[in-house]
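Colleague: all I have is the shape, not the residue letters:
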């Protein structure tokens, strides 16, 4: 259980910033926001720029998704986080995990936790389940200029493969929006183009705040092998860890029992916020 905000040490995080991933919006954090607020935190769940509308509006008109770029997302997040009085705890799901890693590398945040994080540049592990889950976007190069949605069957495989059928369908209706084909393709091509690309970070940054990768054991899109590979790339004294929750799918923040993961993530972040000394990635 977290301490009430008023009893925390001066300078300790007062805010939690939740960064959503692709194919969903901040609505995917709808249970976590009041949960962490009840523990005394200010909780922010910013949308990507242009995606501040409801799910239904984005499905009706995905133009804002087509216009998204990584630099625009990062500028937006940095402006929000940079305006806070104390460095927050950063948490990101899927692509939001990539952005959290980038934010930490740039000096934002007191600690970071990612959930089934998409990788940053240089992670070459591509298990078969990830290839299959990514096929709706990567099957057509023209998708680099489109917002690409998922059919229910694709959503089921990629996001909710261990969910009960009725729950998976309900969450598809409630959360699903198209994703940026341009950013998705860009992240894949970054490993084959010379020089740093948009999701590049310094894996040897000695001042990067502590980072925890939380992985769902049954995630098809970003399985544990991707999380371990990403964590292992960090060659720094700053704390980097990996924890796997078995039986969890990609949509981990909405899966039954999410409270256990939310508590684990917050407890870890509270213990390590502001600390730079650590040990190598482990499971």
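Modeller: Nice, I can see it. Owing to the predicted nature of the structure, the values given are computational and were not obtained by experimental measurement. Numbering: from 1, shown residues only.
Colleague: secondary structure class for the residue nearest to residue 119 when sequence neighbours are not counted?
Modeller: Leaving out its chain neighbours, the residue that sits closest to residue 119 by Cβ to Cβ, 6 or more residues apart in numbering is residue 230, at 4.8 Å. In this view, the C-beta of every residue, glycine as well, is placed from N, C-alpha and C. Assigned by DSSP: H, G, I helix; E, B strand; the rest coil, the conformation of residue 230 is helix.
Colleague: tell me how many other residues surround residue 230.
Modeller: 28 (other Cβ atoms under 10 Å).
Colleague: how much space separates it from residue 199?
Modeller: 11 Å (Cβ to Cβ, to the nearest Å).
Colleague: overlap in contacts of the two?
Modeller: Overlap of the contact sets of residue 230 and residue 199 (by Cβ atoms under 8 Å, 6 or more residues apart in numbering) consists of residue 120.
Colleague: just the helices from the stretch 1-150 of the chain, written as ranges.
Modeller: Listed in chain order, the helices of the stretch 1-150 of the chain (DSSP state H, counting those that start in this stretch) span 32-37, 55-60, 63-66, 70-82, 95-105, 128-138.
Colleague: picking that back up, pull the contacting residues for the residue nearest to residue 119.
Modeller: 101, 117, 119, 120, 123, 213.
Colleague: can you tell me how far the fifth one is from residue 229?
Modeller: Distance of residue 123 to residue 229, given as Cβ to Cβ: 5 Å.
Colleague: these two: which is more packed in?
Modeller: Neighbours around residue 123 and residue 229, counted as other Cβ under 10 Å, are more numerous at residue 123. The numbers are 21 against 17.
Colleague: mind listing what that one touches?
Modeller: Here residue 123 is in contact with 191, 226, 229, 230, 233 (Cβ under 8 Å, 6+ apart).
Colleague: just residue 168 next, same as before
Modeller: So residue 168 contacts 155, 156, 159, 160 (Cβ under 8 Å, 6+ apart).
Colleague: neighbours of residue 100, how many?
Modeller: Neighbour tally, residue 100, other Cβ under 10 Å: 27.
Colleague: pretty sure it sits against residue 112.
Modeller: Yes. Residue 100 is within contact range of residue 112, at 4.7 Å (criterion: Cβ atoms under 8 Å).
Colleague: need the overlap of contacts for these two.
Modeller: What both residue 100 and residue 112 touch, as defined by Cβ under 8 Å, 6+ apart, is the set 90, 91, 92.
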